[in-house]
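**Student:** sharing a model that was predicted from the sequence below.
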Amino acid sequence: QVQLVESGGGLVQPGGSLRLSCVVSGISFSDYGMSWYRQAPGKPGNKRELVARLTTTGSTLYVDSVKGRFSISRDNAKNAVYLQMDNLKPEATGVYYCNSHWPTSFGWGQGTQVTVSS
């Protein structure tokens, strides 16, 4: 059974930093591309939106709103993917989830809450 466990969220002031972690069990982790998603409060349908993506070969993709401030990385030896978030803005507030985007995705974990507020 595949499990995704996110951690590292919290309350931070604008301009601050957080590092999110996601540990995955039940798969051959290095064979999967991994992504981070955000579920922002008040969005129609409470949709999870892509924030950053990291392929198995190390290519990255970021949504425009986080480019230059967020960085996604992975440690295959630890079955973990990370999201370093710097210079945080209030619009980053939400619940953050990780999941595989290739070759398949899995059921969602519990997520980790990030709140950016003064």
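**Tutor:** Alright, I've got the coordinates.
**Student:** surely residue 2 meets residue 107?
**Tutor:** Yes. Look at residue 2 against residue 107 with C-beta atoms under 8 Å: they come within range, at 7.1 Å. For every residue, glycine as well, the C-beta is placed using N, CA and C.
**Student:** so between those two, which is more surrounded?
**Tutor:** With neighbours defined as other C-beta atoms under 10 Å, residue 2 and residue 107 compare such that residue 2 has more, 15 against 9.
**Student:** separation between the nearest residue to that one once chain neighbours are set aside and residue 96?
**Tutor:** Of all residues not flanking residue 2 in the chain, residue 26 sits nearest, at 4.0 Å (C-beta to C-beta, 6 or more residues apart in numbering). Relative to residue 96, residue 26 is positioned 20 Å away (C-beta to C-beta, to the nearest Å).
**Student:** more neighbours, those two?
**Tutor:** Counted by other C-beta under 10 Å, residue 26 and residue 96 do not tie: residue 96 has more neighbours, with 24 against 11.
**Student:** wait, the more buried one sits on residue 51?
**Tutor:** Yes. At 7.3 Å, residue 96 counts as touching residue 51 under the criterion of C-beta under 8 Å.
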